[in-house]
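Undergrad: sequence below, structure please.
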Amino acid sequence: MTLVEPVPAAAAPVFGPCLAAAEQYAEFLRTAGVERGLIGPREPERLWTRHLLNCAAPAELFPADARVVDVGSGAGLPGLVLAIARPDLRIDLVEPLARRVQFLTEAVSLLGLDGQVRVVRGRAEERQVIDMVGQSSWVTARAVAPLDRLVGWCLPLLSLGGKIVALKGSQAESELVEHRQTVGKLGGINPRVVQCGVGVVEPPVTVVVIERGPAARRVKGK
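TA: Numbers count the residues shown, from 1 in each chain. Below is the predicted model:
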């Protein structure tokens, strides 16, 4: 029998009036997500603490009505969680694999997010994806790639001054130290480590924020 993590107390202040939608998404992850291999069979035991709260905490960084591109969305982490926690955001979920795209499309419909969330099949570095979701003010990603590669894929999707929010957890500081020079060469500026959900989520969620500077170049599509 699969153990299921109960809804933690922190979920109420994080999701507010949208908590019911978060619970609905959690159930979809627990059932269809596990059955289709989008998340591992042990993940329902820590679905809220490791995934939903972790992905929702950075919502505090985005200004009202922002457009956010989630690169390598997978099961919708963090993009769908951000859409649930912040109904004012417009979210593009970029994902190359067909089975994940199907899952995301079903989740968007189930949660009634069709007017807020768009599912885009492809890779962030592909020209058609850049043309569809580029010139965004914000890009986010979680567990997709090392910081140097991630920045190379994400900067071309941003408008000048736009920001990447990379959920990196305990590796944030070390990855930033390791890849700071490459990030600068790619045109990323003002890289910094930020903690989100302080005083609400324990432990706080650690992200790397990087801004697109004027030297960033668009990569050629494939």
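Undergrad: what packs against the lengthiest helix in the chain?
TA: The residue-count maximum for a helix in the chain (DSSP state H) belongs to helix 172-186. The helices and strands touching helix 172-186, judged by 3 or more Cβ pairs under 8 Å, 6 or more residues apart in numbering; DSSP states H and E, are helix 147-154, strand 188-196, strand 205-212. Glycine gets a C-beta too; all of them are placed from N, C-alpha and C.
Undergrad: for these, which one sits closest to Gln135?
TA: For the helices and strands packed on helix 172-186, the distance to Gln135 is smallest for strand 205-212, at 10.5 Å, taking Cβ to Cβ.
Undergrad: outside of the closest one, which residues touch it?
TA: Outside of strand 205-212, the residues within contact range by Cβ atoms under 8 Å, 6 or more residues apart in numbering are 53-54, 57-58, 61, 147, 151, 155, 158-170, 172-173, 175-176, 183, 187-197.
Undergrad: do stretch 11-25 as well
TA: Here stretch 11-25 makes contact (Cβ under 8 Å, 6+ apart) with 7, 48, 52-53, 56-57, 59, 76, 80-81, 84-85, 87, 107, 110-112, 197, 200-201.
Undergrad: how far away is Lys185 from Ala216?
TA: Note on Lys185: its distance to Ala216, by Cβ to Cβ, to the nearest Å, is 10 Å.
Undergrad: which of those two has more neighbours?
TA: Each of Lys185 and Ala216 has its neighbours counted (other Cβ atoms under 10 Å); Ala216 has more, 20 against 12.
Undergrad: what residues does the nearest residue to that one once chain neighbours are set aside make contact with?
TA: Distances taken as Cβ to Cβ, 6 or more residues apart in numbering put Gly187 closest to Ala216, at 2.7 Å, once the chain neighbours are dropped. Residues in contact with Gly187 (Cβ under 8 Å, 6+ apart) are 155, 212-217.
Undergrad: nearest spatial neighbour of the residue nearest to the spatial centre of the chain, chain-adjacent residues omitted?
TA: Centroid-nearest residue in the chain: Pro78, 3.2 Å away (criterion: Cα atoms, centre = their mean). Nearest non-adjacent residue to Pro78, counting by Cβ to Cβ, 6+ apart: Cys55, 3.4 Å away.
Undergrad: show me what whatever helix or strand that neighbour lives in is packed against.
TA: Assessed by DSSP states H and E, Cys55 sits inside helix 53-56. On a contact count with 3+ Cβ pairs under 8 Å, 6+ apart, helix 53-56 meets helix 11-15, helix 79-85.
Undergrad: let me know the average pLDDT across it.
TA: Across helix 53-56, pLDDT averages out at 96.
Undergrad: so what touches that helix?
TA: 8, 10-11, 14-15, 22, 77-78, 81-82, 84-85, 142, 167, 197, 201, 205.
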